[in-house]
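[1] Here is the input, now give the coordinates:
(2 chains)
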Amino acid sequence: MGKEIIPAAEKSLNLIRGRLCDPSYVFRPLSASSDSNYSKLKFIVSTSITEGCNNSILLLGPRGSGKAAVLDLVAGDLLEEFPDSVSLIRLNGLLHSDDNCAFKEIARQLCMEHHLLFSKMASLDENSQFIVAMLRECGLAHKTIIFVLDEFDMFAQGKQRLLYSLLDAMQSVTSQAVVIGISSRLDADQLLEKRVRSRFSHRKILFLPPSREEFDGLLEHLLSLPADSSFPNGYVSRFNEKIKNITSDTRFKDILRTLFNANSTVNSLLKFIFRAVSLMNLESGLLSLENFKAALSSMQRQPKLEAVRDCSILELYLLVCMRRLEVKEQSAYNIISVMKEYKTIHDSFQTSDYYAQNVCLRAFEHLRERQVICYTENRGQSQTGEYRPMKLLISASELHQGMRSHACCPAILLKLLDH
Amino acid sequence: MPAIAGPSSSPQKHVVGSRLEVTGGLRSAEVNTCRKRKLRSDSAAEVSSSTPVNSISTPMKWKSPRRCAVSIPKTADEEIKEDSNGNLASPVISAVKNLSVCLDVESKWNPRDEEQMKAVKEALHVSKAPSTVVCREDEQRRVSEFVKSCMEQNKAGSLYICGCPGTGKSLSMEKVRQQADDWAKQAGLPCSETVSVNCTSLTKTTDIFSKILGKNESGSKANGSSSPLQQLQSLFSQKQQQSSSKMMLIIADEMDYLITRDRGVLHELFMLTTLPFSRCILIGKTVLRYQCSYFFFLFPLVIQIMSKLRICPSGVANAIDLADRFLPKLKSLNCKPLVVTFRAYSKEQILRILQERLVALPYVAFQSNALEICARKVSAASGDMRKALCVCRSALEILEIEARGSIDQEPQGPVPECQVVKMDHMLAALSKTFKSPVVDTIQSLPQHQQIIVCSAAKAFRGSKKDRTIAELNKLYLEICKSSTITPAGITEFTNMCTVLNDQGILKLSQARDEKLRRVSLRVDEADITFALKEIRFFRNCLL
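    Numbering: from 1, shown residues only, chains lettered A, B, ... in the order given. Reported below is the predicted structural model:
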C-alpha cells in the first residue's frame, strides 16, 4: 500500500508547498472581508485613480505580517482593472537610500514604462526635472503613477529630499500620483521633518496579527487538497479527514498557542506549516501530529541547551562547580578555584568521577569552544593561564534544563545544583 | 440680519438669522440659491457675529481650544442638548438643527452619486487653490506693498517670510506675484521677471546663483572664467545700458537649506540686493524658527553696508524672541525690518476657510458642528490647514463607505435621509488621523513580547533609562516565574527584542557581545499601561 501512495504523496506535497510560497494565495482568504486591510487599501487607491486626486498612505506592521503581499494583491487587481491608467514605480529604502540613487531609479523605471531611452549620465537635477515633467504629462493624460516606498523609515533619514519632492509634487493640481510607504516602525511618520509631515496625508493602515478564527480558516485553506481527479480516489478525502482530526486536537491547539506566544505573524505560521509538511511521511501520505511537534521544536531551538545536552560528564561537573561558586557570591572565579570546588565535592560525596588536572583543562577548552563559558574581559589586570577569571554564558535554568534532558546525567549532580 | 419672509414658527429662527430664513415652506430651488447667496455675502458677517454671540450666550461653556480638544464629544453633545431646551445658543449649532430639518425636505446631496462626491472631494483637496485667499489678507497686503514700493522706486530690497507648515505661505506668494504682475501692467512699468527656486533641489548651495543668472536677460552661461556669483556681482555693479530695466523678483523657497549648509552663500545672496545697481527683490521663505539665528549673525554687517549705500532692506524672520533680540540692533543702524510672520491658523480661521471652500457647491455635504469639531481639534494640535482638509476628506470617505455598505444591503431601497457627514464620521476621521498606532500594536503583540514590554516599562521607571539585554532578561525571567509561564531562552529573547526594535517600541544599540547591547524604551510608559490595563496579569505586574 505504501509504495503506490508515494507519487500521490509527493504531488500533494508539492502542491501544498507551492501554495505556502505564493503570498497571493495565502492572503486571499484574509482579504475577503470588506473590513480587511486589503479592501481599505484598494478603496483608497482606486478612488484616487478614478477621481484623479493625490493621496499618500503608510502601511505599518511588524515584519512578516503581509504588508508587501497585500500591496501586491491590490496592485495586481488594479493593473487588471485599469490597464492603461496605472503605472507602478517601486523603490526600496535599503537599496536606494541615497537621494541621487533614488531619483536615478525613479527616472529609469519611468523610462522603462514609457519606452524612453534612459541615460546613466544624467545628473540629479536632470533626473528630478524629468520626473516633474513626467508627472505633469501623466497628469494630463489621466494616468496615475503609484510610488511604492519599501522600508519607508530608511527614506526618512538625512535630508528627506526625495520624500519632500514627491509629496510636494503631489500638492499641485497637474500631477496624479499615489505614494504608498511600507514600514515596520510604528512611528515612521514621526520621523518625518515638519514640512514633509505636513504634506503627508496621514492615512495609516495598521497590519495586526489575524485572530484565532482567521488562523483556523487559513490553516484549512492552505492544507486541504482540492477534489481533483489527478489524485487517486479516496486519497484526497483521507488526507482532508486527517487534517480535520489534527486541527481539532487539543494538543495541536497547545502547539499553536506556544507558537503564537512567541511570534504571531502570518509569516511564522507559514514557516511552521512548511516545516511540518516537509516532514510528512511519504509512505503513508498523510500528515500527523508528530510532524507538527517536530516542526515546532525545530523552530524554537535553544542552542545553549543543546550544547549542555552534548557535554560529557566531566564537563557537567565543571559547570555545576562554577554554578555553585556563583551561588556562593563569588563573582570572579578561575580554573584554580573551580578545581578546588571540584575536589571538595569529590571529597564530600565520594564520587567516582575524579580526573586529573590536564584532563580537566581539556574539558575547559571544550566548554570554551562551545561558548558555554568564556573568559571575562579584564581591562586593568592581565593574568595568564589558569588565573584568568571566567564566567558562565548560560543561565541557571538553562543549565538545569539541559542536565535534565541529558542522556546519562548522574543524579548527584542535579542534587548539587539545587543546593 | 435680513430674513426671507417665510412661515417661520419657532422664535429661535428669527433670533439667529443668516442661514435660518430657510424653513420648511419654501421650494427647493429657491432655497438652495437663496442659501447660497446668503452664505456668501453673510459668511464674513456671520463668522464675526458668531464669536460674540457664543461668548454671550454660553459663558460657562466657552473653553480654551486646548481643553476643547480633549473633551470634544462632551461639549458638543451638551451644546446640542442645550439647543433642544430652547436656550439661546450659538448660531452655528442652532443652524445645524434647522439645517437638518431642511435637509429632510430639500437636500440634493446624495452620497451615492459619484459626481457629487468627486466634486466635494476636489473642493477639499490640498492642491486646489481657492480663488481668494481668506484669512491671510493682512500678510498678503504687507508683502504686496513691499514689492510695489520696490518696483516703484526701482530699488532693490529683501524680505523674509516665516511660519509653520501649512499656513498658506506659498499660496499667498503666488497671489502676490500675480498681483504684482497685474499692477505692473496697470502702472505701465515693465513686468518683473520671476525666478522661483526651491532650495531643496539644489545639489550645491552656489547653484542658486547660476539659476538666477540663467534667467537674466544677458544670460551668458557659457562664460567659464568667472563663477556665476562673480558674474552677478559684476552685472549689478555696473550701470546698465538700457535705461528701463526690469526688476527681478527672486523667490527662494525653503531657504533654510541654504542657511544650514553654508552661511557664506546666504550672505552673498542678500548682498546682491545691496549692490548699487542691483534690481532684484529677494523674498525668502522658510518654516524653521530657530535656524534663523545663524542667518541673523550676518544681519548687522549687511545692514551696515546697506546703510552706507542708502538702500533700506527689509529682510526678516519669524520667532518673537529673535525679533526682540535683533530689532534694537537694526533700529540702531537706522533701518526697520518688516516682520512678516504667518501664524498658525486659529479655529475660526480654519472653519472659515473650510466653509469658503464648500460654499461654491450647490449642496451641503457637511454638518456645521462636524466642521467645527474638525477646526477645533486641528487648531489645537498644529494649526495646519492641510491636516484639516485631510481630515475632512477622510470623513467623506467614511461616509462613502457607509453609503456603499447600505447599497449592498438593500439595493432597491430609497436613499436614507440626511446622509451628510455627521459628528461621528468626523470623530472617526479625527481619531484615525491623530491616534498613534502604538496602543493597538501593543495590545496585539504575542504574549512573550508583551511581557518584555512590561518588564521594560518597569525597568525604566526610575532614573535609569538604559539597560543591557542581560538585565532586561533577568526582569523578564522574574515576571515569567511569578506567573508560571515557561520563559523563552536567551536567543529567542534577543530575537524578540530585535523584533520590538524594528517596530520602534524598544531601542537596541549595537555592541560586540550580544548580551552587552543596551536597551531603552521608545514608547511612553503611560501608553503601555493604557494598552495593557485590560489584562489583569499585566495590571498586577505594572503596579
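[2] Assess the claim that A:Ile146 and A:Gly181 are in contact.
    No: A:Ile146 is beyond contact range of A:Gly181, at 11.8 Å (criterion: C-beta atoms under 8 Å). C-beta here means a position set from N, CA and C on the backbone, and glycine is covered the same way.
[3] Quick one: residues contacting the closest residue to B:Gly157 other than its chain neighbours.
    Excluding the flanking residues, the one nearest B:Gly157 by C-beta to C-beta, 6 or more residues apart in numbering or on different chains is B:Cys150, at 4.5 Å. Residues near B:Cys150 by C-beta atoms under 8 Å, 6 or more residues apart in numbering or on different chains: B:156-157, B:247, B:281.
[4] Please enumerate the strands of the chain.
    Just so you know, I chose chain A. A:55-60, A:86-92, A:144-150, A:177-183, A:203-206, A:333-334, A:373-375, A:389-392 (DSSP state E).
[5] try again with chain B
    Along chain B, the stretches classed as strands by DSSP E are B:157-163, B:193-198, B:248-253, B:280-286, B:340-342, B:467-468, B:506-508, B:518-521.
[6] worst average pLDDT in these?
    Set side by side, the strands of chain B differ in mean pLDDT, and strand B:280-286 is lowest with a mean of 75.
[7] touching chain A at all, that strand?
    No: figure legend: strand B:280-286 not in contact with chain A (C-beta under 8 Å from any C-beta of the partner chain); closest approach 9.3 Å.
[8] Can you show me the CA trace of that strand as CSV?
    Extracted C-alpha coordinates of strand B:280-286, given in CSV (Å, rounded to 0.1, in the frame of the first residue of the first chain):
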residue,chain,number,x,y,z
CYS,B,280,16.4,92.3,-7.5
ILE,B,281,13.7,91.8,-4.9
LEU,B,282,14.6,88.9,-2.8
ILE,B,283,11.9,87.0,-0.9
GLY,B,284,13.0,84.1,1.2
LYS,B,285,10.6,81.5,2.6
THR,B,286,11.2,79.0,5.4
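[9] need the contacts of B:Cys150 in JSON lines with neighbour count and distance to A:Ser248, can you?
    Formatted as JSON lines, the contacts of B:Cys150 follow (neighbours: other C-beta atoms under 10 Å in any protein chain shown; distance: C-beta to C-beta, whole Å):
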{"residue": "B:Ala156", "neighbour count": "25", "distance to A:Ser248": "84"}
{"residue": "B:Gly157", "neighbour count": "25", "distance to A:Ser248": "82"}
{"residue": "B:Met247", "neighbour count": "24", "distance to A:Ser248": "83"}
{"residue": "B:Ile281", "neighbour count": "25", "distance to A:Ser248": "80"}
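[10] State the pair within those that is farthest apart.
    The largest separation in the contacts of B:Cys150, counting by C-beta to C-beta, is between B:Gly157 and B:Met247 at 9.8 Å.
[11] Spit out the residues that contact these two alike.
    Contacts common to B:Gly157 and B:Met247, judged by C-beta under 8 Å, 6+ apart, are B:150, B:281.
[12] re the thing from before, I'd like the strands of chain B laid out as a markdown table, including distance to B:Ile490.
    Shown next, in a markdown table, are the strands of chain B (distance: least, C-beta to C-beta, whole Å):
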| stretch | distance to B:Ile490 |
| --- | --- |
| strand B:157-163 | 52 |
| strand B:193-198 | 52 |
| strand B:248-253 | 53 |
| strand B:280-286 | 50 |
| strand B:340-342 | 55 |
| strand B:467-468 | 12 |
| strand B:506-508 | 14 |
| strand B:518-521 | 14 |
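[13] To A:Leu117, which of those strands lies closest?
    Closest approach to A:Leu117 among the strands of chain B is made by strand B:193-198 (27.4 Å; C-beta to C-beta).
[14] quick one: buried residues of that closest one?
    Using 16 or more other C-beta atoms under 10 Å in any protein chain shown as the test for burial, strand B:193-198 gives B:193, B:195, B:197-198.
[15] do stretch B:477-492 as well
    B:477, B:479-480, B:487-490, B:492.
[16] isn't A:Ile57 right up against A:Leu206?
    No: in this structure, A:Ile57 is not within contact of A:Leu206 by C-beta under 8 Å, at 11.6 Å.
[17] Which one's more surrounded, these two?
    A:Ile57 (21 against 17; other C-beta atoms under 10 Å in any protein chain shown).
[18] Specify the beta-bridge partners of that one.
    In this entry, A:Ile57 is beta-bridged to A:Ile180, A:Arg203, by DSSP bridges.
[19] what about it, distance to chain B?
    A:Ile57 sits 11 Å away from chain B, going by C-beta to the nearest C-beta, to the nearest Å.
[20] if I pick that residue, what's in contact with it?
    Contacts of A:Ile57 (C-beta under 8 Å, 6+ apart): A:41, A:44-45, A:178-181, A:201, A:203-205.
[21] Make JSON lines from those and add neighbour count and pLDDT to it.
    Compiled in JSON lines, the contacts of A:Ile57 are given as follows (neighbours: other C-beta atoms under 10 Å in any protein chain shown; pLDDT from 0 to 100):
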{"residue": "A:Leu41", "neighbour count": "22", "pLDDT": "92"}
{"residue": "A:Ile44", "neighbour count": "21", "pLDDT": "90"}
{"residue": "A:Val45", "neighbour count": "22", "pLDDT": "92"}
{"residue": "A:Val178", "neighbour count": "23", "pLDDT": "93"}
{"residue": "A:Val179", "neighbour count": "24", "pLDDT": "94"}
{"residue": "A:Ile180", "neighbour count": "26", "pLDDT": "95"}
{"residue": "A:Gly181", "neighbour count": "26", "pLDDT": "94"}
{"residue": "A:Ser201", "neighbour count": "24", "pLDDT": "84"}
{"residue": "A:Arg203", "neighbour count": "21", "pLDDT": "88"}
{"residue": "A:Lys204", "neighbour count": "18", "pLDDT": "90"}
{"residue": "A:Ile205", "neighbour count": "20", "pLDDT": "91"}
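[22] hey, what's in contact with both of A:Ile57 and A:Leu206?
    Contacts common to A:Ile57 and A:Leu206, judged by C-beta under 8 Å, 6+ apart, are absent.
[23] give me the low-pLDDT residue ranges for the stretch 251-400 of chain B?
    Across the stretch 251-400 of chain B, the ranges flagged by pLDDT under 70 are B:258-276, B:288-339.
[24] Can you name the residue of it nearest to chain A?
    Distance from chain A to each residue of the stretch 251-400 of chain B (C-beta to the nearest C-beta) is smallest for B:Cys390, at 4.7 Å.
[25] nearest spatial neighbour of that residue, skipping sequence neighbours?
    Spatial nearest neighbour of B:Cys390, excluding adjacent residues (C-beta to C-beta, 6+ apart): A:Ser201 at 4.7 Å.
[26] Any figure for the gap between that neighbour and B:Cys392?
    Computed as C-beta to C-beta, to the nearest Å, the A:Ser201 to B:Cys392 distance reads 11 Å.
[27] With distance to B:Gln503 as extra columns, can I get the strands of chain A in CSV?
    Shown next, in CSV, are these (distance: least, C-beta to C-beta, whole Å):
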stretch, distance to B:Gln503
strand A:55-60, 9
strand A:86-92, 19
strand A:144-150, 16
strand A:177-183, 9
strand A:203-206, 11
strand A:333-334, 40
strand A:373-375, 32
strand A:389-392, 32
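[28] In contact with the most far-flung residue of chain A relative to its centre: list those residues for me.
    Distance from the C-alpha centroid of chain A peaks at A:Asp347, with 51.3 Å (C-alpha atoms, centre = their mean). If a contact means C-beta under 8 Å, 6+ apart, then A:Asp347 has no contacts.
[29] switch the cut-off to 10 Å
    Going by C-beta atoms under 10 Å, 6 or more residues apart in numbering or on different chains, A:Asp347 touches A:Tyr354.
[30] With that, I have no additional questions.
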